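**Student:** coordinates only, no sequence provided:
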């Protein structure tokens, strides 16, 4: 297992699942105006009260059950710090987001990965049995899954939560804006479920590092004991508020990505010898079934200065869905390289 590392920031960046659009002028202007009034000589407002209120109003949530973090990564760390102590394990899926391993290792706790198929499919009953028999403190996975793109339905998530109660289930919904199986609307009514969300993907604010943990108020209070004070800067809070004041830009980008996903899938299906995973997020995973041939695709993309996410074992290639002209560059490479195999 290799720990998560920072991505390349050179070339056509399709490696970190970022929003391809620069922040809109309205968001930037609001942020600039807010900074003029910001008390930068003072520590940030620790609870991020205004930001919590704004996020809660957008999604009809109780702000008392929201923790704002320095990216959703910080909220992942809070959960693991709180719930994976005294021999309690973190159960996750394999593959999944590499930072789950990082934060668990930092706590010197044990992580138990549950292996899934190449496209992310797995036996839910076997997963439940593993959780119930493994001294589990926390179950955590991304939905849609990063990097497979696999999507677990809302009904299955709720079934899982009920089956493992009182063990806490955390669903990392970093990419759920691009799909339709979120449990955000019911999470605060449940005793043992957490949802994490981010502004780094569809909202196009990866540079400000703001994320949200949403759960019932009682569990939020317990988790908040391990929150680092002043962890979300005044600048981050002001920029996030400006972004959240313009949800129409978020919605427009989601619609663009969904349309592109349909178009990309049609072209991928025409490329013989290439397998792709589900397109439920703003990325897709590819494989030829051969690490050697996958490396040839990686080299061809690199030659065109197209940065994508690769793995040390070359088992898959993950590619961000961006603007149409960007997506076409990738598809042109794939349609050129694959017939040569």
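**Tutor:** Arrived safely, thanks for sending. Computed from a prediction, not measured in an experiment: that's the story for all the values here.
**Student:** what separates stretch 116-133 from the chain centre, distance-wise?
**Tutor:** Here the centre of stretch 116-133 is set off from its chain's centre by 20 Å, with C-alpha atoms, centre = their mean, to the nearest Å.
**Student:** buried set for it?
**Tutor:** 116, 119, 120, 122, 127, 128, 131 (16 or more other C-beta atoms under 10 Å). Where you see a C-beta, it was placed from the backbone N, CA and C, and this is true even at glycine.
**Student:** kindly report the same for stretch 312-324.
**Tutor:** Under 16+ other C-beta under 10 Å, the buried positions of stretch 312-324 are 314, 316, 317, 318, 319, 320, 321, 322.
**Student:** surely the fourth one is within a helix?
**Tutor:** This means residue 318. No - per DSSP: H, G, I helix; E, B strand; the rest coil, residue 318 lies outside any helix segment and is strand.
**Student:** who are the contact partners of it?
**Tutor:** 15, 146, 147, 283, 284, 285, 286, 308, 309, 310 (C-beta atoms under 8 Å, 6 or more residues apart in numbering).
**Student:** please tell me how far it sits from residue 285.
**Tutor:** Distance, residue 318 to residue 285, using C-beta to C-beta, to the nearest Å: 5 Å.
**Student:** joint contacts of these two?
**Tutor:** residue 147.
**Student:** now this structure, which segments are flagged as low pLDDT?
**Tutor:** 1-9 (pLDDT under 70).
**Student:** just the strands in it please.
**Tutor:** Ranges of strands within the chain are 12-14, 66-70, 89-94, 111-115, 136-142, 168-172, 193-198, 210-214, 275-276, 283-287, 306-310, 317-320, based on DSSP state E.
**Student:** can you list the ones you listed in JSON lines and add distance to residue 60?
**Tutor:** JSON lines is the format used below for the strands of the chain (distance: least, C-beta to C-beta, whole Å):
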{"stretch": "strand 12-14", "distance to residue 60": "34"}
{"stretch": "strand 66-70", "distance to residue 60": "12"}
{"stretch": "strand 89-94", "distance to residue 60": "29"}
{"stretch": "strand 111-115", "distance to residue 60": "33"}
{"stretch": "strand 136-142", "distance to residue 60": "23"}
{"stretch": "strand 168-172", "distance to residue 60": "18"}
{"stretch": "strand 193-198", "distance to residue 60": "13"}
{"stretch": "strand 210-214", "distance to residue 60": "11"}
{"stretch": "strand 275-276", "distance to residue 60": "35"}
{"stretch": "strand 283-287", "distance to residue 60": "28"}
{"stretch": "strand 306-310", "distance to residue 60": "34"}
{"stretch": "strand 317-320", "distance to residue 60": "30"}
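**Student:** of all these, which one comes closest to residue 250?
**Tutor:** Ranking the strands of the chain by proximity to residue 250 (C-beta to C-beta) places strand 193-198 first, at 11.8 Å.
**Student:** partner strands of the closest one, with direction?
**Tutor:** strand 168-172 (parallel), strand 210-214 (antiparallel) (DSSP bridges).
**Student:** between it and strand 66-70, how many degrees?
**Tutor:** 40 degrees (axes from the mean of the first three to the mean of the last three C-alpha atoms, to 10 degrees).
**Student:** ok so, going back, farthest pair within the buried residues of stretch 116-133?
**Tutor:** Among those, 119 and 131 lie farthest apart (C-beta to C-beta), at 21.9 Å.
**Student:** break this structure into its domains for me.
**Tutor:** Here the domain parsing of the chain from automatic domain parsing is 12-20+248-340, 37-245.
**Student:** tell me which of the ones you listed sits most buried.
**Tutor:** Greatest average neighbour count among those goes to domain 37-245 (a mean of 19), per mean count of other C-beta atoms under 10 Å.
**Student:** how far off centre is that domain?
**Tutor:** 9 Å.
**Student:** what ranges does the stretch 201-341 of the chain have for its helices?
**Tutor:** 217-224, 234-244, 247-268, 291-303, 324-337 (DSSP state H, counting those that start in this stretch).
**Student:** and residue 26, how many neighbours?
**Tutor:** 14 (other C-beta atoms under 10 Å).
**Student:** can you give me the distance of the closest residue to it other than its chain neighbours to residue 240?
**Tutor:** Using C-beta to C-beta, 6 or more residues apart in numbering and skipping residues adjacent in sequence, the residue nearest residue 26 is residue 246, 5.6 Å away. Distance of residue 246 to residue 240, computed by C-beta to C-beta: 12 Å.
**Student:** helices of the stretch 51-200 of the chain, residue ranges please.
**Tutor:** Under the criterion DSSP H, counting those that start in this stretch, the stretch 51-200 of the chain contains helices at 71-83, 99-106, 124-132, 154-164.
**Student:** wait, what's in contact with residue 135?
**Tutor:** So residue 135 contacts 87, 88, 89 (C-beta under 8 Å, 6+ apart).
**Student:** in a markdown table: these, plus distance to residue 234.
**Tutor:** Below are these laid out as a markdown table (distance: C-beta to C-beta, whole Å):
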| residue | distance to residue 234 |
| --- | --- |
| 87 | 39 |
| 88 | 35 |
| 89 | 37 |
